[in-house]
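Student: output the structure for:
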Amino acid sequence: MKSFQSASLKEITSKLFLSETFDFFRLQEAVFSCAVNYSIDGKVNRDFYRDASAKTPQAGSETAGDAPQEETVFMPWRDLRPICFSMIRGKRTPLSFRLVFLVPAREATARFSTLANAAESGISSFVLVLQYREEKITATTAVSYCRFALDRGPEKNWDTEVAGWFRKENLPFQETA
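Tutor: Reported below is the predicted structural model:
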């Protein structure tokens with residue numbers, strides 16, 4: 001687990017809410033503290049899609065499809081991004097927000113080369129938590145396991161992949177001690 005910090009709120013929030021930079025993530029949770037507090041549980045509500053004509057994005061797809069596949073537990077950020085942006089846009093900066101992003105292990109292996117075989121090693125998902133408070137954004141990495149594992153190599157690989165992804169996307173985060 002690594003922690004990164006940035007004071008470049010405008011640059012990061014622009015990429016977060018106005019571009020596709022974070023769109024490959026799934027959103028587990030979003031909490032915004034503005035004039036009122038907003039909380040979003042990113043878990044797909046399967047009952048909503050019982051009607052055959054209802055559509056929801058499927059894992060790894062770019063467009064909406066039929067009811068979610070079994071492994072699709074959390075909605076893609078690309079679908080919730082406009083809703084979240086509408087909660088914070090305006091003249092005032094939010095007091096705080098926290099976004100818990102996931103990359104399911106099966107999807108991470110295709111996107112990040114050093115995370116190959118993650119699903120077979122007991123990993124459920126790779127986690128990135130973005131938290132804004134007191135004019136600073138903190139990013140924290142984590143790994144969610146579905147069973148006990150002694151090997152912590154995937155955690156170190158995820159930390160390295162996130163740091164490299166920040167550089168590639170020109171996200172001004174600095175690793176904290």
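Student: shouldn't Glu107 be in contact with Phe24?
Tutor: Yes. Between Glu107 and Phe24 there is a contact under C-beta atoms under 8 Å: 7.4 Å. Using the backbone N, CA and C atoms, a C-beta is placed for each residue, glycine as well.
Student: for these two, indicate the residue with more neighbours.
Tutor: Between Glu107 and Phe24, counted using other C-beta atoms under 10 Å, the more crowded position is Glu107 (21 against 17).
Student: now do the SS call for that one.
Tutor: helix (DSSP: H, G, I helix; E, B strand; the rest coil).
Student: can you check the pLDDT for it?
Tutor: You'll see Glu107 listed with a pLDDT of 86.
Student: now do the strands in this structure.
Tutor: Remark: strands assigned in the chain by DSSP state E are 3-6, 26-33, 37-41, 56-57, 64-65, 96-104, 123-133, 136-145, 174-175.
Student: direction included, what does the third one pair up with?
Tutor: Put plainly, it is strand 37-41. Under the criterion DSSP bridges, strand 37-41 sits next to strand 26-33 (antiparallel) in its sheet.
Student: what is the neighbour count of Phe25?
Tutor: Neighbours of Phe25 (other C-beta under 10 Å): 25.
Student: so what's it closest to, chain neighbours aside?
Tutor: Among residues not flanking Phe25 along the chain, Phe101 sits closest, at 3.8 Å (C-beta to C-beta, 6 or more residues apart in numbering).
Student: swap in Glu155?
Tutor: Val143 (4.9 Å).
Student: from Ser8, how far off is the one you found?
Tutor: For Val143, the distance to Ser8 equals 26 Å [C-beta to C-beta, to the nearest Å].
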